[in-house]
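Asks: quick one, what's the 3D model for this:
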Amino acid sequence: MFQSISSTLSSYIWGSGTQDEAQTSSNIVAELNGSLFQVISKSSQCLFQEAHLVICENENGSYELRCERGEDVFDDDDITEVVHALSSQLHMRIGDGDLNKNALHWTAEKKEWFLDFEDEELENAEKFLSLYDKYIASESESSSEEEVKTPRKSPVRSAAVQKPETPAKSSAPTVTVATIPHVEGDVVFDTTGEFVLWVQENRIVVGDKIELQLIQTSKFEYTVCFYKEDELIHSWPVQATTLRFQEAHLTASWIADMGGPKQISFTFPDSTAFNTFKKKHTTCSFESKTKTAFKATKEDESWLYDGLVDKFSTFRLSESEEEEDDFEEEEAPKPIQFNTPTKNSLLSVGRYSSNSFVVRGDQVGVFSPSKRGTSMKFQTMTDSVKTVKDKTAFAPSHALLHQRDEKLLFLHPTEKKKIFCMDLERGKVVEEWDTEGLSTQKILPETKDAQQKGRDTFLGINNAGFFIMDPRQKTKVVRTYQYKNANTTHFSCAATTDEGHMAVGTKLGDIRLFNANSLQTGGVDYINSTAPRAKTKLLGFGDPILGIDTTRDGSFVLATCYNYLILSPVQEGKATGFSKSVKKAPLLLRLGDADAMKIGASFQFTPAKFNVAGTETFVVTSAKNWIITWDLSEIIKEDFSSIPPNTTLPYYMKQLPDVVVADDFSGQQKTDIIFAMPDDVRHYQWKGGRSKK
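Replies: So this is what the prediction gives:
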């Protein structure tokens, strides 16, 4: 099946080269290096210290996932390879719902497997996953010669090459579009319209009477299909594309991975077809991502559908920022001498001081802004981060500055029921706090500015709820709220307002807003305590929430998903969604299609944050080696309903020398951004925020 896809789609789908060039003598179509692990009883066992993972064709002509042990590595096992048939049952993915980008997971033989790889292999992993997704898409489109099911409209035909219609005066390159077998299933939407493909900034009209169908291929699985003259020319699973709706033009546009990112658009015949597709696609996408039936109130549906429509005529990239390139002009900084070969992994930017703290393996580097250029001044390096009891060094999985930047709190990658406290004056871990048996995923300040005020208490969250820690007490957990049915929570991140209200994001994609008063009462008996109900629950779009932030006054909530941000206005009069249910249409912050393609397919945003100093009007995030900022000062109001027509929302992109690990605004200057790369730490004076008219 995969071979037929390779031959029919040719160089147009796979990016470059012919079919013969794409296939090697060993028929390997994708490969990745790393260490192979198997999850046994919730713990990870390393099978191959050095492993080579490939998608390849076997002697029977079918494709399989094969992992081979490195020849020069001695493992205490006679097993030299692990082989699985390639199918949708593998559920292959990068990461585990959090920000772990360095593991490729799959499920086989009722077991969980993953390949742990280095940072430099991330791009290969993304390509590997992309090819796997193409195979899975083709699996539902292809049928065997022995069992040819009745097709949607006509029997499966042999592949036939068609050429798109191009304007007579256009000098655009010719694009070959090849047909593939019909996708079978129940048609849930059908219309015709103009289908356009953009190639090298040239607009190619594939056809003005292209049929678009949304087909349910199995339970919670849907595919978008395009037909020309009864031949299927393109199809994608609904969750495999980045989709935006432009109501003014009755257009839906995609960035689709077709051996590289490609921009396509479809213009609907009328507003009825446009709105129907928007609702159907949103529902199907939600079910496909969450594997649950879409059940929402009319209020939730309005929040979803209105949020998907672009509220601006263009998302403008600042020309002045694009022209500048401070990093190439500056002399390369001296390398930082850490006693470890590992890379920078975590960044904590001071709120009380101007220092920033970067975790690299089991060490912490301390940096301060330099007076010239963008380099940060390296101040010192702490001792290895070690447990207090057995003095075992570990690389923290999460860090939080505490008590006016005098302490740095750590979470252990495996000992989830402890919190470790480093005294930054001494540069060593001095305390180890037990969480009373509660697993901890993230820790955060009890209020937005608690770090500056030296507050002792702080919050912890886990999959099933949250709790409050007070290090001064003998029993450190003073209040806890755990939901009995953890399958409905899946909490992943949280943030607080200045009054102590809390916004929580989940792996299921929803956003919950809790009132501070409900967190200050009850919860003493952490076994039998009743968790408070959220005042507002925003359904989300089915994608996991990777990070969340709020404004100090709680009027806006900012959530980060893989390749878009959700900016939700939650203020209604003098009240906010933290005191009553408020569901106003959100604004999705996304890159323009051309800029998304510039970064490349399968990029993922780092957790976006509001500026710290002054009123929150700016947002920063990053993707791969690009840092991205939005200026929201012209549109942040009570909601977005009064935005004038043809309003442009400027965002700014800066290309960096290396991939961004983490980024945040400085606590002292509104437009000063601190960011860490694998082997460097820099600060950037964002000129877009200072040059406002």
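
Asks: every contact and neighbour count from this point should use C-alpha atoms.
Replies: Will do.

Asks: once you drop chain neighbours, what's closest to the most centrally placed residue in the chain?
Replies: When Cα atoms, centre = their mean is applied to the chain, the residue found nearest the centroid is Y562 (2.1 Å). Excluding the flanking residues, the one nearest Y562 by Cα to Cα, 6 or more residues apart in numbering is Q604, at 4.7 Å.

Asks: wait, that neighbour sits on T560?
Replies: No - with contacts counted by Cα atoms under 8 Å, Q604 stays clear of T560, the gap being 9.5 Å.

Asks: quick one, which of these two is more surrounded?
Replies: Each of Q604 and T560 has its neighbours counted (other Cα atoms under 10 Å); T560 has more, 27 against 18.

Asks: contacting residues for the more buried one?
Replies: By Cα atoms under 8 Å, 6 or more residues apart in numbering, T560 lies in contact with I545, L546, G547, I548, I566, F605, T606, P607, A608.

Asks: just flag the most distant two among these.
Replies: Farthest apart among the contacts of T560 by Cα to Cα are I566 and T606. That separation is 13.4 Å.

Asks: of these two, which one has the most company?
Replies: The residue with more neighbours, out of I566 and T606, is T606; 24 against 21, by other Cα under 10 Å.

Asks: that one - that's part of a helix, no?
Replies: No - counting by DSSP: H, G, I helix; E, B strand; the rest coil, T606 is not part of a helix but coil.

Asks: and it, what pLDDT?
Replies: T606 carries a pLDDT value of 96.

Asks: quick check, it in contact with S622.
Replies: Yes - using Cα under 8 Å, T606 makes contact with S622 at a distance of 5.5 Å.

Asks: between the two, what contacts are shared?
Replies: Common neighbours of T606 and S622, using Cα under 8 Å, 6+ apart, are A662, D663.

Asks: how about the strands of the stretch 1-150 of the chain, start to end?
Replies: With DSSP state E, counting those that start in this stretch as the criterion, the stretch 1-150 of the chain has strands at 28-40, 43-57, 63-69, 81-85, 93-94, 103-108, 111-116.

Asks: can you tell me which of those strands comes nearest to F556?
Replies: Comparison of those against F556 by Cα to Cα identifies strand 93-94 as nearest, at 30.3 Å.

Asks: show me what that closest one pairs with in its sheet, parallel or antiparallel.
Replies: strand 103-108 (antiparallel) (DSSP bridges).

Asks: can you give me the helices for the stretch 351-500 of the chain?
Replies: Under the criterion DSSP state H, counting those that start in this stretch, helices of the stretch 351-500 of the chain are mapped to 450-453.

Asks: flag the shaky bits of it, pLDDT-wise.
Replies: Where the stretch 351-500 of the chain drops to pLDDT under 70, the residues are 372-373, 485-487.

Asks: now with 80?
Replies: 371-375, 484-488 (pLDDT under 80).

Asks: same check, this time on the stretch 201-350 of the chain
Replies: Low-confidence segments of the stretch 201-350 of the chain (pLDDT under 80): 201-202, 239-243, 255-262, 308-341.

Asks: would you map the strands across it?
Replies: So, for the stretch 201-350 of the chain - with DSSP E, counting those that start in this stretch - the strands run 202-218, 221-228, 231-237, 241-246, 251-257, 261-267, 344-349.

Asks: partner strands of the last one, with direction?
Replies: What that stands for is strand 344-349. Strand pairing for strand 344-349, determined by DSSP bridges: strand 356-360 (antiparallel).

Asks: and for the fifth one?
Replies: Neighbouring strands of strand 251-257 in its sheet, by DSSP bridges, are strand 241-246 (antiparallel), strand 261-267 (antiparallel).

Asks: please identify the most buried of those.
Replies: Ranked by mean neighbour count, these are led by strand 261-267 with a mean of 21 (mean count of other Cα atoms under 10 Å).

Asks: that strand vs strand 221-228, what angle?
Replies: Strand 261-267 runs at 70 degrees relative to strand 221-228, counting by axes from the mean of the first three to the mean of the last three Cα atoms, to 10 degrees.

Asks: could you give the angle of strand 261-267 to strand 202-218?
Replies: Using the same axes, to 10 degrees, strand 261-267 lies at 80 degrees relative to strand 202-218.

Asks: what does strand 261-267 rub up against?
Replies: 193-199, 249-256, 593-594, 597, 600-601.

Asks: let me see the confidence value for K609.
Replies: pLDDT, read off for K609, is 96.

Asks: equivalent analysis for D664, please.
Replies: pLDDT for D664: 94.
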